[in-house]
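J.: show me the folded form of this:
(one chain, ligands or ions: 2)
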Amino acid sequence: MPETGFFLEVHDVVKEFGHVRALDGVSLSAALGEILAIVGDNGAGKSTLIKILSGVLVPDEGRIVIDGKSYTALTPKTALKAGISTVYQDLALANSRDVAANIFLGRELTKGIFLDQKRMYAQAEQLIRNLGINIPDVRMPVEVLSGGQRQGTAVARAVHQEGRFFIFDEPTAAMGLKETAAVMRLIKRLAHQGYGVIIISHNLPQVFEISDRICVMRHGKVVGIVNTAETDMEETVAMITGAVKIS
Ligand SMILES: Nc1ncnc2c1ncn2[C@@H]1O[C@H](COP(=O)(O)OP(=O)(O)OP(=O)(O)O)[C@@H](O)[C@H]1O
Ligand SMILES: [Mg+2]
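T.: Numbering: from 1, shown residues only. Ligands and ions are numbered 1, 2, ... in the order given. The predicted structure is shown next:
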């Protein structure tokens, strides 16, 4: 654990796309065991920040500290290795393969020269159960799963790959109530089990229900980071829209 107590630190990150300054000196920190929500209007820079944290984009300036180690840029590989897993709804799951195969993709268990299917099914079963994911059978092909179950599979894979910090970019945007509740439960459970979580969401009631802290972004800047228990919807909306100036 780094001395600050934060697993993830972002320092003064700048990212420009031509004339658009998508991130204009963003700094924030996040700890393991907490849920940090990032909110902000369309174009505020949320997804750009997440892409930098997952190694998809390279920042123009600034640095990222993960578990005490400083990086000026990440690649998808180094981000994963450092324990950062970004969970997209349409993430790269092998659709025709079953849940267990997806969890073990690229890290299959073997017995001699053969795949150890029995052990993989048992471990996948255990992993799904520990995370409280509602998938009746790990032998189900991923293509028949719902959006929430797919995300569950992705999280199980990330946990299996030794992810320590999970980032969700609008995980429930296209989901119904039941699915949304399941994903929220999973995210809460991850935090309870000591993993770090960042969730981007436009759904403020959801943000208030789930998060420990809220980071508000506007025009590529962090306008404030507040404890969820110490703010309310009205103040948050004011920060998002710029009705209040926070120094
Ligand atoms: N690849 C890109 N090329 C050019 N401009 C980009 C690119 N990606 C993002 N931008 C711009 O950067 C700014 C921030 O975009 P970003 O996607 O990070 O916003 P966001 O906060 O995720 O918005 P939303 O809530 O709509 O998802 C926007 O002005 C966007 O148009
Ligand atoms: Mg976005």
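
J.: what parts of the chain come near ligand 2?
T.: Contact residues, the chain versus ligand 2 (C-beta under 5 Å from the ion): 46-47. For every residue, glycine as well, the C-beta is placed using N, CA and C.

J.: if you set the cut-off to 8 Å instead, what comes out?
T.: 42, 46-48, 50, 169-170, 200 (C-beta under 8 Å from the ion).

J.: tell me which two of those residues sit farthest apart.
T.: Asn42 and Ile50 (14.7 Å; C-beta to C-beta).

J.: okay, those two: which has more neighbours?
T.: Ile50 (21 against 7; other C-beta atoms under 10 Å).

J.: hang on, the earlier thing: name the nearest of the residues of the chain next to ligand 2 relative to Tyr121.
T.: Asp169 (30.5 Å).

J.: so for that closest one, what's the pLDDT?
T.: Per-residue confidence (pLDDT) for Asp169: 88.

J.: so it sits against Gln151, correct?
T.: No: look at Asp169 against Gln151 with C-beta atoms under 8 Å: they stay out of range, at 11.2 Å.

J.: more crowded one of these two?
T.: Gln151 (27 against 20).

J.: does that one touch Ala173 like I think?
T.: No: judged on C-beta under 8 Å, Gln151 makes no contact with Ala173 at a distance of 11.4 Å.

J.: tell me the secondary structure for Lys188?
T.: helix (DSSP: H, G, I helix; E, B strand; the rest coil).

J.: the helix or strand containing Val10 packs against which elements?
T.: Taking DSSP states H and E as the definition, Val10 sits inside strand 8-17. Helices and strands touching strand 8-17, by 3 or more C-beta pairs under 8 Å, 6 or more residues apart in numbering; DSSP states H and E, are strand 20-30, helix 46-53, strand 61-66.

J.: please repeat the previous calculation with a cut-off of 6 Å.
T.: strand 20-30, strand 61-66 (3 or more C-beta pairs under 6 Å, 6 or more residues apart in numbering; DSSP states H and E).
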